[in-house]
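Trainee: I'd like to go over a predicted model; first the sequence, then the structure.
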Amino acid sequence: MFRRLLGGIAAAAVLLTAGTALAQDISAGRLSDHIRVLADDSFQGRVSGQQPGEQLTLDYLQAQYEAMGLQPGGPDGQWLQPVTLFRFSPARAPVASWSGPDGVPHALTATDIQLRSANDSGRVHIADAPVVFAGYGITAPERGWDDYGDLDVTGKVVIVLAGEPAGELFRGDYNTLYSSAGYKKMEALRRGAVGVVTLILDPGSWQGMAGRPGRTRTTVEGLDPIPFTGSVGPQTAMQWGSAAGIDHGAMATVDTGRFKAIEMTGVRLTVDIEESREEIQTYNLLAKIEGSDNPDEVVIFSAHWDHVGVGSPDAHGDTIFNGAWDNASGTAGILELARAFSLSPRPQRTVVFAHMAAEEMGLLGAYAYAVDPVYPLETTVANLNIDMLPLSGPTRDFAIFGFGQNTLEDDLAVLAEAEGRYVTDDREPEQNYYFRSDHFPFARAGVPALMPWHGVDLVEGGIEVGLPEYQALFSRDYHQRSDEWRADYDLRSAVENLTLMYALAWDLANSDRWPGWKLDSEFGAIRARSDAARQ
(Lines give C-alpha, C1' and ligand atoms only; values in the text may rest on other atoms or scores of the structure.)
Protein backbone atom coordinates (compact mmCIF):
# COMPACT_ATOMS: atom_id res chain seq x y z
CA MET A 1 0.00 0.00 0.00
CA PHE A 2 1.06 3.60 -0.44
CA ARG A 3 2.50 5.12 2.68
CA ARG A 4 -0.31 6.76 4.60
CA LEU A 5 -2.05 9.76 3.11
CA LEU A 6 -3.01 12.09 5.94
CA GLY A 7 -6.30 13.90 5.59
CA GLY A 8 -8.60 16.33 7.31
CA ILE A 9 -7.81 17.22 10.93
CA ALA A 10 -4.58 15.19 11.07
CA ALA A 11 -3.10 16.88 8.02
CA ALA A 12 -4.09 20.29 9.32
CA ALA A 13 -2.40 19.61 12.65
CA VAL A 14 0.87 18.59 11.00
CA LEU A 15 0.85 21.59 8.68
CA LEU A 16 0.12 24.09 11.42
CA THR A 17 2.86 22.64 13.60
CA ALA A 18 5.30 23.01 10.70
CA GLY A 19 4.24 26.58 10.09
CA THR A 20 4.36 27.82 13.67
CA ALA A 21 7.17 25.90 15.32
CA LEU A 22 9.76 25.64 12.59
CA ALA A 23 9.45 28.64 10.29
CA GLN A 24 12.67 30.64 10.05
CA ASP A 25 12.84 34.39 9.60
CA ILE A 26 12.42 35.43 5.96
CA SER A 27 14.07 38.81 5.44
CA ALA A 28 12.87 41.53 3.07
CA GLY A 29 16.30 43.11 3.37
CA ARG A 30 18.12 40.01 2.18
CA LEU A 31 15.63 39.55 -0.66
CA SER A 32 16.27 43.11 -1.80
CA ASP A 33 20.04 42.68 -1.56
CA HIS A 34 19.98 39.56 -3.75
CA ILE A 35 17.75 41.26 -6.32
CA ARG A 36 20.06 44.29 -6.42
CA VAL A 37 23.08 42.12 -7.24
CA LEU A 38 21.40 39.89 -9.81
CA ALA A 39 19.75 42.82 -11.60
CA ASP A 40 22.90 44.90 -11.78
CA ASP A 41 23.87 46.23 -15.20
CA SER A 42 27.09 44.18 -15.09
CA PHE A 43 24.98 41.00 -15.43
CA GLN A 44 23.78 42.25 -18.85
CA GLY A 45 20.27 40.88 -18.48
CA ARG A 46 21.35 37.31 -17.61
CA VAL A 47 20.86 35.57 -20.98
CA SER A 48 21.42 31.81 -20.94
CA GLY A 49 24.58 30.93 -22.83
CA GLN A 50 25.88 34.51 -22.97
CA GLN A 51 28.76 35.96 -20.99
CA PRO A 52 29.49 37.65 -18.68
CA GLY A 53 25.93 37.52 -17.33
CA GLU A 54 25.60 33.76 -17.13
CA GLN A 55 28.91 33.20 -15.34
CA LEU A 56 28.33 36.07 -12.91
CA THR A 57 24.91 34.65 -12.05
CA LEU A 58 26.06 31.06 -11.55
CA ASP A 59 29.09 32.15 -9.52
CA TYR A 60 26.91 34.30 -7.27
CA LEU A 61 24.42 31.49 -6.65
CA GLN A 62 27.11 28.92 -5.91
CA ALA A 63 28.84 31.29 -3.48
CA GLN A 64 25.58 31.82 -1.61
CA TYR A 65 24.99 28.08 -1.22
CA GLU A 66 28.56 27.40 -0.19
CA ALA A 67 28.23 30.07 2.51
CA MET A 68 25.04 28.37 3.76
CA GLY A 69 26.80 25.01 3.90
CA LEU A 70 24.55 23.29 1.36
CA GLN A 71 25.77 20.46 -0.85
CA PRO A 72 25.99 20.55 -4.65
CA GLY A 73 22.76 19.12 -6.01
CA GLY A 74 23.62 18.54 -9.65
CA PRO A 75 24.72 15.34 -11.40
CA ASP A 76 27.83 13.56 -10.09
CA GLY A 77 28.09 15.81 -7.05
CA GLN A 78 28.45 18.99 -9.10
CA TRP A 79 26.68 22.32 -8.74
CA LEU A 80 25.79 22.53 -12.43
CA GLN A 81 23.60 20.46 -14.69
CA PRO A 82 24.68 21.07 -18.30
CA VAL A 83 21.83 22.03 -20.63
CA THR A 84 22.47 21.99 -24.38
CA LEU A 85 20.05 24.10 -26.36
CA PHE A 86 19.47 23.46 -30.06
CA ARG A 87 18.46 26.47 -32.13
CA PHE A 88 16.94 25.62 -35.50
CA SER A 89 16.47 27.92 -38.49
CA PRO A 90 15.11 26.94 -41.92
CA ALA A 91 18.01 26.23 -44.27
CA ARG A 92 15.61 26.43 -47.21
CA ALA A 93 11.88 26.48 -47.83
CA PRO A 94 10.25 23.11 -47.05
CA VAL A 95 9.16 21.04 -50.05
CA ALA A 96 5.77 19.35 -49.73
CA SER A 97 3.09 17.72 -51.85
CA TRP A 98 -0.03 15.65 -51.40
CA SER A 99 -1.81 13.08 -53.48
CA GLY A 100 -5.31 11.63 -53.44
CA PRO A 101 -6.65 8.21 -54.37
CA ASP A 102 -5.76 8.88 -58.01
CA GLY A 103 -2.06 9.15 -57.06
CA VAL A 104 -1.58 12.51 -58.80
CA PRO A 105 0.81 14.71 -56.80
CA HIS A 106 -0.17 18.31 -55.94
CA ALA A 107 2.60 20.68 -54.87
CA LEU A 108 2.05 22.64 -51.66
CA THR A 109 3.46 26.10 -51.08
CA ALA A 110 3.91 28.16 -47.91
CA THR A 111 0.48 29.67 -48.50
CA ASP A 112 -1.02 26.14 -48.36
CA ILE A 113 0.89 24.63 -45.44
CA GLN A 114 3.46 25.72 -42.85
CA LEU A 115 6.02 23.07 -41.86
CA ARG A 116 8.82 22.77 -39.30
CA SER A 117 11.09 19.94 -38.27
CA ALA A 118 10.46 18.88 -34.69
CA ASN A 119 13.13 16.23 -34.21
CA ASP A 120 16.67 16.61 -32.87
CA SER A 121 18.42 16.70 -36.25
CA GLY A 122 16.44 19.31 -38.16
CA ARG A 123 16.20 17.11 -41.25
CA VAL A 124 12.99 15.34 -42.28
CA HIS A 125 12.12 13.38 -45.41
CA ILE A 126 8.85 11.48 -45.35
CA ALA A 127 7.24 10.13 -48.51
CA ASP A 128 3.58 9.24 -49.02
CA ALA A 129 2.56 9.18 -45.37
CA PRO A 130 -1.14 8.38 -44.84
CA VAL A 131 -3.22 11.19 -43.33
CA VAL A 132 -5.86 11.01 -40.58
CA PHE A 133 -8.11 13.62 -39.02
CA ALA A 134 -8.30 13.29 -35.22
CA GLY A 135 -10.59 16.13 -34.17
CA TYR A 136 -8.91 18.03 -31.35
CA GLY A 137 -6.35 15.22 -30.96
CA ILE A 138 -7.31 14.79 -27.28
CA THR A 139 -7.50 11.67 -25.15
CA ALA A 140 -8.77 12.64 -21.68
CA PRO A 141 -9.91 9.56 -19.76
CA GLU A 142 -10.84 11.57 -16.66
CA ARG A 143 -13.30 13.51 -18.84
CA GLY A 144 -14.58 10.55 -20.86
CA TRP A 145 -13.12 12.04 -24.05
CA ASP A 146 -11.15 10.17 -26.72
CA ASP A 147 -10.75 11.64 -30.19
CA TYR A 148 -8.47 8.86 -31.41
CA GLY A 149 -10.68 5.89 -30.57
CA ASP A 150 -9.25 2.65 -31.94
CA LEU A 151 -7.55 4.16 -35.00
CA ASP A 152 -3.90 3.18 -35.38
CA VAL A 153 -1.89 6.24 -36.44
CA THR A 154 1.54 4.60 -36.55
CA GLY A 155 3.55 6.08 -39.41
CA LYS A 156 0.77 8.54 -40.28
CA VAL A 157 0.30 12.30 -40.25
CA VAL A 158 -2.35 13.47 -37.79
CA ILE A 159 -4.47 16.55 -38.54
CA VAL A 160 -5.89 18.20 -35.41
CA LEU A 161 -7.92 21.28 -34.55
CA ALA A 162 -6.33 24.00 -32.45
CA GLY A 163 -7.45 24.44 -28.85
CA GLU A 164 -10.03 22.33 -27.04
CA PRO A 165 -13.83 22.09 -26.77
CA ALA A 166 -15.48 24.98 -24.99
CA GLY A 167 -17.38 24.50 -21.76
CA GLU A 168 -16.95 23.31 -18.20
CA LEU A 169 -15.85 19.80 -19.20
CA PHE A 170 -12.47 21.29 -20.09
CA ARG A 171 -12.16 23.63 -17.07
CA GLY A 172 -14.21 26.49 -18.47
CA ASP A 173 -12.35 29.80 -18.61
CA TYR A 174 -9.05 28.14 -17.67
CA ASN A 175 -7.52 26.09 -20.46
CA THR A 176 -6.33 22.57 -19.77
CA LEU A 177 -3.13 20.93 -20.95
CA TYR A 178 -5.13 19.46 -23.82
CA SER A 179 -5.50 22.85 -25.50
CA SER A 180 -1.77 23.21 -26.08
CA ALA A 181 0.11 22.38 -29.26
CA GLY A 182 2.72 20.68 -27.09
CA TYR A 183 0.18 18.17 -25.76
CA LYS A 184 -1.12 17.37 -29.23
CA LYS A 185 2.41 16.75 -30.43
CA MET A 186 3.19 14.62 -27.36
CA GLU A 187 0.04 12.50 -27.79
CA ALA A 188 0.55 12.00 -31.52
CA LEU A 189 4.17 10.97 -30.92
CA ARG A 190 3.11 8.54 -28.18
CA ARG A 191 0.80 6.89 -30.70
CA GLY A 192 3.54 6.54 -33.34
CA ALA A 193 2.60 9.37 -35.69
CA VAL A 194 5.31 10.91 -37.89
CA GLY A 195 3.84 14.39 -37.90
CA VAL A 196 1.06 16.51 -36.46
CA VAL A 197 -0.52 19.35 -38.45
CA THR A 198 -2.89 21.86 -36.88
CA LEU A 199 -5.95 22.83 -38.90
CA ILE A 200 -6.64 26.58 -38.73
CA LEU A 201 -10.33 26.89 -39.55
CA ASP A 202 -10.62 30.67 -39.57
CA PRO A 203 -9.60 31.98 -43.02
CA GLY A 204 -8.51 35.32 -41.59
CA SER A 205 -6.25 33.69 -39.01
CA TRP A 206 -4.74 31.47 -41.68
CA GLN A 207 -4.09 34.36 -44.04
CA GLY A 208 -2.30 36.15 -41.21
CA MET A 209 0.21 33.33 -40.77
CA ALA A 210 0.44 31.68 -44.21
CA GLY A 211 3.48 32.37 -46.31
CA ARG A 212 5.58 33.78 -43.52
CA PRO A 213 9.14 32.45 -43.16
CA GLY A 214 9.66 30.16 -40.22
CA ARG A 215 11.02 31.72 -37.06
CA THR A 216 13.99 30.41 -35.12
CA ARG A 217 13.00 27.46 -32.94
CA THR A 218 14.95 26.57 -29.79
CA THR A 219 14.57 23.29 -27.95
CA VAL A 220 16.45 20.63 -25.97
CA GLU A 221 17.32 17.11 -26.99
CA GLY A 222 14.66 14.48 -26.50
CA LEU A 223 11.71 16.85 -26.01
CA ASP A 224 8.86 15.18 -27.91
CA PRO A 225 10.94 14.53 -31.05
CA ILE A 226 8.14 13.82 -33.51
CA PRO A 227 9.65 14.29 -37.00
CA PHE A 228 7.63 17.37 -37.99
CA THR A 229 4.82 19.73 -37.09
CA GLY A 230 2.84 22.17 -39.18
CA SER A 231 -0.29 24.16 -39.80
CA VAL A 232 -2.75 24.04 -42.67
CA GLY A 233 -5.57 26.32 -43.76
CA PRO A 234 -9.20 25.46 -44.44
CA GLN A 235 -8.98 25.41 -48.23
CA THR A 236 -6.23 22.79 -48.39
CA ALA A 237 -7.90 20.70 -45.69
CA MET A 238 -11.19 20.77 -47.63
CA GLN A 239 -9.37 19.51 -50.72
CA TRP A 240 -7.96 16.60 -48.75
CA GLY A 241 -11.34 15.79 -47.23
CA SER A 242 -13.09 15.89 -50.60
CA ALA A 243 -10.45 13.66 -52.16
CA ALA A 244 -10.94 11.15 -49.34
CA GLY A 245 -14.72 11.25 -49.71
CA ILE A 246 -15.23 12.43 -46.13
CA ASP A 247 -18.65 13.76 -45.18
CA HIS A 248 -17.85 17.25 -43.94
CA GLY A 249 -20.85 16.97 -41.62
CA ALA A 250 -18.57 14.90 -39.40
CA MET A 251 -16.97 18.17 -38.35
CA ALA A 252 -20.21 19.03 -36.55
CA THR A 253 -19.56 16.26 -34.03
CA VAL A 254 -16.04 17.20 -32.92
CA ASP A 255 -17.32 19.23 -29.95
CA THR A 256 -19.72 16.56 -28.70
CA GLY A 257 -17.34 13.85 -27.51
CA ARG A 258 -18.84 11.37 -29.97
CA PHE A 259 -16.31 12.03 -32.75
CA LYS A 260 -13.63 9.43 -33.48
CA ALA A 261 -10.58 9.82 -35.69
CA ILE A 262 -11.13 9.35 -39.43
CA GLU A 263 -8.74 7.85 -41.95
CA MET A 264 -8.48 10.21 -44.92
CA THR A 265 -8.55 7.29 -47.32
CA GLY A 266 -6.10 7.58 -50.18
CA VAL A 267 -4.69 10.95 -49.09
CA ARG A 268 -0.94 10.94 -48.60
CA LEU A 269 1.55 13.66 -47.67
CA THR A 270 5.21 14.01 -48.67
CA VAL A 271 7.48 16.47 -46.88
CA ASP A 272 11.17 17.36 -47.18
CA ILE A 273 12.47 19.76 -44.53
CA GLU A 274 16.00 20.94 -43.84
CA GLU A 275 16.94 23.26 -40.98
CA SER A 276 20.31 24.41 -39.71
CA ARG A 277 21.19 23.65 -36.09
CA GLU A 278 23.17 25.77 -33.66
CA GLU A 279 24.17 24.49 -30.22
CA ILE A 280 24.15 26.73 -27.15
CA GLN A 281 25.59 25.52 -23.84
CA THR A 282 24.01 26.71 -20.61
CA TYR A 283 23.46 25.34 -17.10
CA ASN A 284 20.95 24.73 -14.37
CA LEU A 285 22.39 25.14 -10.87
CA LEU A 286 21.22 22.86 -8.07
CA ALA A 287 21.92 22.79 -4.35
CA LYS A 288 20.54 20.32 -1.83
CA ILE A 289 20.03 19.35 1.77
CA GLU A 290 20.06 15.55 1.83
CA GLY A 291 17.26 13.90 3.75
CA SER A 292 18.02 12.01 6.94
CA ASP A 293 15.50 9.18 6.59
CA ASN A 294 14.27 9.10 2.99
CA PRO A 295 16.96 10.80 0.92
CA ASP A 296 15.65 9.37 -2.36
CA GLU A 297 12.36 11.23 -1.93
CA VAL A 298 12.80 14.82 -3.08
CA VAL A 299 11.02 18.15 -2.73
CA ILE A 300 12.23 20.58 -5.41
CA PHE A 301 12.06 24.34 -5.23
CA SER A 302 12.73 26.05 -8.56
CA ALA A 303 13.12 29.49 -10.11
CA HIS A 304 14.65 30.59 -13.38
CA TRP A 305 17.82 32.67 -13.18
CA ASP A 306 17.77 34.00 -16.75
CA HIS A 307 16.21 37.02 -18.40
CA VAL A 308 16.27 38.53 -21.91
CA GLY A 309 19.51 40.50 -22.10
CA VAL A 310 20.26 43.68 -24.01
CA GLY A 311 18.23 45.47 -26.67
CA SER A 312 18.06 48.76 -28.51
CA PRO A 313 17.99 51.94 -26.40
CA ASP A 314 14.66 53.12 -25.03
CA ALA A 315 13.63 56.76 -24.69
CA HIS A 316 16.02 57.12 -21.76
CA GLY A 317 18.94 55.46 -23.51
CA ASP A 318 18.62 52.27 -21.43
CA THR A 319 19.54 49.08 -23.30
CA ILE A 320 19.52 46.47 -20.51
CA PHE A 321 16.56 44.32 -19.54
CA ASN A 322 17.74 43.87 -15.95
CA GLY A 323 14.98 41.47 -14.95
CA ALA A 324 14.78 42.51 -11.31
CA TRP A 325 11.21 41.34 -10.82
CA ASP A 326 11.44 38.68 -13.53
CA ASN A 327 13.13 36.75 -12.17
CA ALA A 328 15.85 38.02 -9.86
CA SER A 329 13.07 38.25 -7.28
CA GLY A 330 12.11 34.59 -7.58
CA THR A 331 15.78 33.62 -7.55
CA ALA A 332 16.21 35.64 -4.36
CA GLY A 333 13.17 33.89 -2.91
CA ILE A 334 14.72 30.46 -3.48
CA LEU A 335 17.96 31.62 -1.82
CA GLU A 336 16.04 32.88 1.18
CA LEU A 337 14.09 29.61 1.46
CA ALA A 338 17.36 27.68 1.27
CA ARG A 339 18.76 29.83 4.06
CA ALA A 340 15.69 29.05 6.19
CA PHE A 341 16.13 25.31 5.61
CA SER A 342 19.86 25.54 6.34
CA LEU A 343 19.04 26.90 9.82
CA SER A 344 16.38 24.25 10.49
CA PRO A 345 16.74 20.66 11.67
CA ARG A 346 17.73 18.31 8.88
CA PRO A 347 14.60 17.21 6.96
CA GLN A 348 13.68 13.58 6.52
CA ARG A 349 13.38 13.93 2.74
CA THR A 350 15.89 15.64 0.47
CA VAL A 351 15.16 19.26 -0.43
CA VAL A 352 16.63 20.60 -3.68
CA PHE A 353 16.94 24.25 -4.67
CA ALA A 354 17.06 24.43 -8.47
CA HIS A 355 17.86 27.50 -10.56
CA MET A 356 16.73 26.83 -14.10
CA ALA A 357 18.26 28.21 -17.28
CA ALA A 358 16.53 29.37 -20.45
CA GLU A 359 13.02 29.82 -19.10
CA GLU A 360 12.68 32.88 -21.29
CA MET A 361 13.46 30.70 -24.33
CA GLY A 362 10.55 28.36 -23.60
CA LEU A 363 11.07 26.75 -20.15
CA LEU A 364 14.01 24.90 -21.65
CA GLY A 365 16.15 24.44 -18.54
CA ALA A 366 13.20 22.88 -16.75
CA TYR A 367 12.31 20.77 -19.78
CA ALA A 368 15.93 19.57 -19.96
CA TYR A 369 15.69 18.58 -16.30
CA ALA A 370 12.41 16.73 -16.89
CA VAL A 371 13.87 14.86 -19.88
CA ASP A 372 17.02 13.89 -17.95
CA PRO A 373 16.26 14.39 -14.23
CA VAL A 374 18.97 14.36 -11.60
CA TYR A 375 16.43 12.88 -9.15
CA PRO A 376 13.81 10.39 -10.39
CA LEU A 377 10.53 12.12 -11.13
CA GLU A 378 8.64 9.11 -9.78
CA THR A 379 9.92 9.86 -6.27
CA THR A 380 9.91 13.62 -6.56
CA VAL A 381 7.32 14.63 -3.99
CA ALA A 382 6.46 18.04 -5.43
CA ASN A 383 7.79 21.03 -7.32
CA LEU A 384 7.30 24.48 -5.79
CA ASN A 385 8.23 27.12 -8.35
CA ILE A 386 8.70 30.86 -7.84
CA ASP A 387 8.60 33.26 -10.76
CA MET A 388 8.27 36.94 -9.73
CA LEU A 389 7.59 37.61 -6.06
CA PRO A 390 4.67 39.88 -5.15
CA LEU A 391 5.67 43.52 -4.74
CA SER A 392 3.01 44.92 -2.43
CA GLY A 393 1.85 45.28 1.12
CA PRO A 394 0.25 42.31 2.93
CA THR A 395 -2.66 40.61 1.15
CA ARG A 396 -5.55 38.49 2.32
CA ASP A 397 -5.35 36.34 -0.79
CA PHE A 398 -2.62 33.88 -1.73
CA ALA A 399 -2.92 33.58 -5.49
CA ILE A 400 -1.55 30.50 -7.26
CA PHE A 401 -1.18 29.20 -10.78
CA GLY A 402 -3.00 25.90 -11.31
CA PHE A 403 -5.88 26.41 -8.91
CA GLY A 404 -7.95 23.24 -8.64
CA GLN A 405 -5.23 20.96 -10.01
CA ASN A 406 -3.62 19.20 -7.03
CA THR A 407 -3.72 18.73 -3.27
CA LEU A 408 -0.79 21.07 -2.64
CA GLU A 409 -3.29 23.92 -2.73
CA ASP A 410 -5.36 22.22 -0.03
CA ASP A 411 -2.30 21.98 2.22
CA LEU A 412 -1.49 25.60 1.46
CA ALA A 413 -5.07 26.63 2.25
CA VAL A 414 -4.72 25.18 5.76
CA LEU A 415 -1.62 27.27 6.37
CA ALA A 416 -3.15 30.38 4.84
CA GLU A 417 -6.36 30.08 6.85
CA ALA A 418 -4.36 30.02 10.07
CA GLU A 419 -2.98 33.42 9.05
CA GLY A 420 -6.39 34.81 8.16
CA ARG A 421 -5.75 34.40 4.45
CA TYR A 422 -7.26 32.37 1.62
CA VAL A 423 -5.97 30.65 -1.53
CA THR A 424 -7.35 31.78 -4.88
CA ASP A 425 -6.69 31.44 -8.60
CA ASP A 426 -4.59 33.94 -10.54
CA ARG A 427 -7.69 35.81 -11.81
CA GLU A 428 -6.32 35.91 -15.39
CA PRO A 429 -7.52 32.76 -17.22
CA GLU A 430 -6.77 34.26 -20.62
CA GLN A 431 -3.04 34.25 -19.82
CA ASN A 432 -2.70 30.45 -19.44
CA TYR A 433 -0.17 31.05 -16.68
CA TYR A 434 -0.03 27.45 -15.47
CA PHE A 435 1.70 26.51 -18.72
CA ARG A 436 4.16 29.41 -18.77
CA SER A 437 6.76 28.86 -16.05
CA ASP A 438 9.16 26.18 -14.84
CA HIS A 439 6.63 24.25 -12.77
CA PHE A 440 4.90 23.15 -15.97
CA PRO A 441 7.53 20.66 -17.25
CA PHE A 442 7.29 18.98 -13.84
CA ALA A 443 3.49 18.91 -13.97
CA ARG A 444 3.55 17.58 -17.52
CA ALA A 445 5.73 14.73 -16.26
CA GLY A 446 3.21 14.00 -13.49
CA VAL A 447 4.92 15.70 -10.52
CA PRO A 448 2.44 17.74 -8.43
CA ALA A 449 3.49 21.34 -8.98
CA LEU A 450 2.37 24.72 -7.73
CA MET A 451 3.45 28.32 -8.20
CA PRO A 452 2.49 31.28 -6.00
CA TRP A 453 1.52 34.54 -7.66
CA HIS A 454 0.81 38.16 -6.88
CA GLY A 455 -2.14 38.71 -4.53
CA VAL A 456 -4.38 41.73 -5.03
CA ASP A 457 -6.70 41.68 -2.00
CA LEU A 458 -4.68 44.12 0.08
CA VAL A 459 -5.16 44.17 3.84
CA GLU A 460 -5.20 47.94 3.48
CA GLY A 461 -7.45 48.78 0.55
CA GLY A 462 -8.75 45.42 -0.65
CA ILE A 463 -9.12 44.38 -4.29
CA GLU A 464 -10.33 47.86 -5.26
CA VAL A 465 -6.83 49.20 -4.56
CA GLY A 466 -4.71 46.09 -5.03
CA LEU A 467 -5.89 45.01 -8.48
CA PRO A 468 -5.22 48.30 -10.32
CA GLU A 469 -1.87 48.63 -8.51
CA TYR A 470 -0.83 45.16 -9.69
CA GLN A 471 -2.05 45.83 -13.23
CA ALA A 472 -0.10 49.09 -13.38
CA LEU A 473 3.05 47.38 -12.08
CA PHE A 474 2.77 44.54 -14.60
CA SER A 475 2.08 46.88 -17.50
CA ARG A 476 5.03 49.11 -16.59
CA ASP A 477 7.74 46.55 -15.82
CA TYR A 478 7.04 43.08 -17.24
CA HIS A 479 9.78 42.41 -19.82
CA GLN A 480 10.61 46.10 -19.94
CA ARG A 481 13.90 47.91 -19.40
CA SER A 482 12.23 49.60 -16.42
CA ASP A 483 12.33 46.30 -14.49
CA GLU A 484 15.26 47.39 -12.32
CA TRP A 485 16.01 47.07 -8.62
CA ARG A 486 14.39 49.76 -6.49
CA ALA A 487 15.32 50.71 -2.96
CA ASP A 488 11.64 51.24 -2.12
CA TYR A 489 10.43 47.73 -2.96
CA ASP A 490 7.53 46.71 -0.73
CA LEU A 491 8.34 43.06 -0.05
CA ARG A 492 5.97 42.47 2.86
CA SER A 493 3.63 40.27 0.79
CA ALA A 494 6.65 38.39 -0.57
CA VAL A 495 7.82 37.66 2.97
CA GLU A 496 4.35 36.42 3.92
CA ASN A 497 4.13 34.14 0.89
CA LEU A 498 7.63 32.74 1.29
CA THR A 499 6.96 31.99 4.95
CA LEU A 500 3.93 29.92 3.96
CA MET A 501 5.87 28.22 1.17
CA TYR A 502 8.54 27.32 3.69
CA ALA A 503 5.95 25.79 6.00
CA LEU A 504 4.38 23.84 3.13
CA ALA A 505 7.76 22.49 2.01
CA TRP A 506 8.79 21.69 5.58
CA ASP A 507 5.73 19.53 6.03
CA LEU A 508 6.30 17.76 2.72
CA ALA A 509 9.95 17.13 3.61
CA ASN A 510 9.12 15.74 7.05
CA SER A 511 6.15 13.51 6.35
CA ASP A 512 5.49 10.35 4.40
CA ARG A 513 2.60 11.89 2.47
CA TRP A 514 2.52 12.08 -1.30
CA PRO A 515 0.50 15.01 -2.66
CA GLY A 516 -1.66 14.04 -5.60
CA TRP A 517 -3.63 15.37 -8.53
CA LYS A 518 -7.34 15.94 -8.19
CA LEU A 519 -9.77 13.61 -9.90
CA ASP A 520 -10.47 15.91 -12.84
CA SER A 521 -6.85 16.91 -13.41
CA GLU A 522 -5.34 15.98 -16.74
CA PHE A 523 -2.00 15.28 -15.03
CA GLY A 524 -3.31 12.52 -12.74
CA ALA A 525 -3.11 9.73 -15.29
CA ILE A 526 0.53 10.59 -15.99
CA ARG A 527 1.45 10.36 -12.30
CA ALA A 528 -0.50 7.10 -11.95
CA ARG A 529 1.86 5.36 -14.36
CA SER A 530 4.58 5.50 -11.69
CA ASP A 531 2.45 4.63 -8.63
CA ALA A 532 4.51 1.51 -7.94
CA ALA A 533 7.62 3.61 -7.29
CA ARG A 534 5.90 5.30 -4.33
CA GLN A 535 4.74 2.15 -2.56
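Mentor: In hand now; what should we look at?

Trainee: for the residue positioned nearest the centre of the chain, helix, strand, or coil?
Mentor: A centroid search over the chain (Cα atoms, centre = their mean) returns F440, at 2.8 Å, as the residue closest to the centre. Assigned with DSSP: H, G, I helix; E, B strand; the rest coil, F440 falls in the helix class.

Trainee: in terms of pLDDT, where does the spatially closest residue to it that is not a sequence neighbour sit?
Mentor: Distances taken as Cβ to Cβ, 6 or more residues apart in numbering put L363 closest to F440, at 6.2 Å, once the chain neighbours are dropped. C-beta: built from backbone N, CA, C; applies to glycine. We note a pLDDT of 98 for L363 in this prediction.

Trainee: hang on, L363 packs against S437?
Mentor: Yes - counting by Cβ atoms under 8 Å, L363 does reach S437; the two are 7.0 Å apart.

Trainee: circling back to that earlier point, how near is the residue nearest to F440 to S344?
Mentor: Counting by Cβ to Cβ, to the nearest Å, the gap from L363 to S344 is 30 Å.

Trainee: these two: which has the busier surroundings?
Mentor: The neighbour count for L363 versus S344, taken as other Cβ atoms under 10 Å, is higher for L363 (25 against 17).

Trainee: contacting residues around that one?
Mentor: By Cβ atoms under 8 Å, 6 or more residues apart in numbering, the residues touching L363 are M356, R436, S437, D438, F440, P441.

Trainee: pull the most distant pair out of the residues you listed.
Mentor: Across these, the two members that end up farthest from each other (Cβ to Cβ) are M356 and R436, 13.4 Å apart.

Trainee: what segments of the stretch 401-535 of the chain are strands?
Mentor: Taking DSSP state E, counting those that start in this stretch as the criterion, the stretch 401-535 of the chain carries its strands at 422-424, 449-452.

Trainee: got it, and the stretch 51-200 of the chain?
Mentor: Ranges of strands within the stretch 51-200 of the chain are 71-72, 80-90, 95-99, 105-108, 113-117, 123-133, 139-140, 145-146, 157-161, 195-199, based on DSSP E, counting those that start in this stretch.

Trainee: what comes into contact with the first one?
Mentor: Strand 71-72 has contacts (Cβ under 8 Å, 6+ apart) with G77, Q78, W79, L286, A287, K288, I289, E290.

Trainee: give me the buried entries from those.
Mentor: If you count burial by 16 or more other Cβ atoms under 10 Å, the buried members of those come out as W79, L286, A287, K288, I289, E290.

Trainee: list just the nearest of the residues you listed to D173.
Mentor: The shortest approach to D173 among those belongs to L286, at 35.9 Å (Cβ to Cβ).

Trainee: quick revisit: ok, M356 and R436, which is more surrounded?
Mentor: Relative neighbour count places M356 above the other of M356 and R436, with 32 against 15, counting by other Cβ under 10 Å.

Trainee: which SS class is the residue nearest to that one when sequence neighbours are not counted?
Mentor: With Cβ to Cβ, 6+ apart as the measure, G365 is the residue that lies nearest to M356, at 3.6 Å, once sequence neighbours are left out. When the structure is reduced to helix, strand and coil (three-state DSSP), G365 reads as helix.

Trainee: distance of Q235 from I200?
Mentor: 11 Å.

Trainee: the more surrounded of these two?
Mentor: It is I200, of Q235 and I200, that has more neighbours when counted by other Cβ under 10 Å, with 21 against 12.

Trainee: I figured that one hits Q207, correct?
Mentor: No - proximity of I200 to Q207 does not meet the contact threshold set by Cβ under 8 Å, at 9.5 Å.

Trainee: picking up where we left off before, just the strands of the stretch 401-535 of the chain: most buried one?
Mentor: Stretch with highest mean neighbour count among the strands of the stretch 401-535 of the chain: strand 449-452 (a mean of 28; mean count of other Cβ atoms under 10 Å).
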